[in-house]
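Chemist: Return a 3D structure for these sequence lines:
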Amino acid sequence: MTSLENAYRWKQESAGLKIVTEALITTAQDQAPDTKCHKAKILHTTNNPKCSMCKDKDEAVAHIVSACPNIAGSLYKTRHNNVVAATHHSICQHYEIKTTDNIWLHKPNSVAENSKVKVLWDFEIRTERQIQARRPDLVVVDKQTKEGLIIDVAIPNDTHIVDEESEKIEKYQDLRLEIQRMWNIKARVVSTVGLIEALGATSNNLEKHLQDIPGKNKIPNWHLPQLAPTNTRVE
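Modeler: Numbering: from 1, shown residues only. Below is the predicted model of the structure:
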C-alpha cells in the first residue's frame with residue numbers, strides 16, 4: 001500500500017520552492033498537466049497522444065515522470081543518484097566520515113571508510129559464486145557490530161511501488177547470503193529506502209525502513225520533492 005499522507009507531507013514543511021515550482025508539482029500530482037495525452041483524449045484538440053520524446057507511448061503524467069526510455073539515462077538517473085547521494089551523505093556523517101556540510105554538494109566516493117565503517121557506492125561486489133545482482137546502490141558494513149546493509153533505490157510510478165518493493169528485497173537475497181558467508185557478518189537488505197514514487201507517493205513501509213539506515217533519514221527530510229536544500233530556491 002502507498003501513503004497518501006506522505007505524498008503531500010512536503011507541502012507542510014518549508015521546501016524552499018518557488019510558487020511556480022510548487023504549483024507545477026501539485027498539478028502533476030493531481031494528474032492535471034496539459035499533456036499530449038490529455039489534449040488528445042480529454043480536450044480532443046489533437047489526434048496524436050504519443051510522447052514527444054520517445055514517440056511510442058502516450059504522453060501521460062506517469063510516462064513523463066518515470067517511464068520514458070529517452071529520459072531514463074539522463075533526468076531519471078540524475079534524480080535517482082541525488083537520492084542515493086543524500087543517503088550516502090547521511091551515513092557518512094553518522095559514522096564521522098569527513099564530507100561536505102552541504103548535502104547537495106556531496107560527491108560520494110566508491111569506497112568511504114574509517115575505523116567504524118566501510119561504505120560502498122555503486123560498487124560491484126566480487127563473489128566466490130555466480131550471482132546476478134552484485135551492484136546495489138550502497139553497501140554499509142559496520143565494523144564494530146559486524147552488521148551489513150544492502151541498500152538499493154527505486155523511484156517508480158505509484159502503481160508499481162508495492163511490486164517494486166518486494167522485487168528489490170528479493171533481488172539481493174543471494175548477495176546478502178554471500179556477503180554474510182564471505183565477510184562473516186550479519187547482513188540485511190533495505191531496498192525500500194528509495195521506494196518513493198516520482199511524484200511523492202511512498203510505500204507504507206518507508207518510514208520503518210528509513211529507521212534501519214544509519215543517520216538522519218526521516219520523512220519528510222529525506223522525501224522527494226525535497227531533492228534540493230530547504231534553504232535553496234528551486235527553479
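Chemist: From here on, just use CA atoms for contacts and neighbour counts.
Modeler: Will do.
Chemist: Tell me where this structure has strands.
Modeler: Secondary structure of the chain by DSSP state E: the strands cover 2-3, 111-113, 117-121, 138-142, 147-151, 186-190, 202-203.
Chemist: Quickly compare those and say which is most buried.
Modeler: Ranked by mean neighbour count under mean count of other Cα atoms under 10 Å, those are led by strand 202-203, which reaches a mean of 27.
Chemist: Poorly predicted segments of the protein, please.
Modeler: Residue ranges of the chain with pLDDT under 70: 1-17, 158-160, 162, 191-203, 217-235.
Chemist: Could you check how far residue 168 is from residue 209?
Modeler: In this structure, residue 168 and residue 209 are 13 Å apart, going by Cα to Cα, to the nearest Å.
Chemist: typo on my end, it should be residue 163
Modeler: If you measure residue 163 against residue 209 using Cα to Cα, the figure is 16 Å.
Chemist: These two: which is more packed in?
Modeler: More neighbours sit around residue 209 than around the other of residue 163 and residue 209, counting by other Cα atoms under 10 Å; the figures are 18 against 11.
Chemist: Correct me if wrong: the more buried one contacts residue 190.
Modeler: Yes. Distance between residue 209 and residue 190: 6.5 Å, which falls inside the contact criterion (Cα atoms under 8 Å).
Chemist: Apart from its chain neighbours, what residue comes closest to residue 47?
Modeler: residue 40 (5.4 Å; Cα to Cα, 6 or more residues apart in numbering).
Chemist: show me the contacts for the one you found.
Modeler: For residue 40, the set of contacting residues under the criterion of Cα atoms under 8 Å, 6 or more residues apart in numbering consists of 46, 47, 48, 49.
Chemist: likewise residue 109?
Modeler: Here residue 109 is in contact with 120, 121 (criterion: Cα under 8 Å, 6+ apart).
Chemist: ok, which stretches of the chain are helices?
Modeler: Across the chain, reading from the start of the chain, the helices by DSSP state H fall at 4-7, 19-29, 36-38, 61-66, 69-71, 77-94, 161-171, 173-183, 206-210.
Chemist: can you put those helices in CSV and add distance to residue 125?
Modeler: Converted to CSV, these look like this (distance: least, Cα to Cα, whole Å):
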stretch, distance to residue 125
helix 4-7, 34
helix 19-29, 38
helix 36-38, 43
helix 61-66, 28
helix 69-71, 28
helix 77-94, 17
helix 161-171, 14
helix 173-183, 8
helix 206-210, 23
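Chemist: Residue 147: which of those is closest?
Modeler: When the helices of the chain are compared by Cα to Cα, helix 173-183 sits nearest residue 147, at 8.9 Å.
Chemist: by how many degrees do the closest one and strand 186-190 diverge?
Modeler: With axes from the mean of the first three to the mean of the last three Cα atoms, to 10 degrees as the criterion, the two stretches helix 173-183 and strand 186-190 enclose an angle of 150 degrees.
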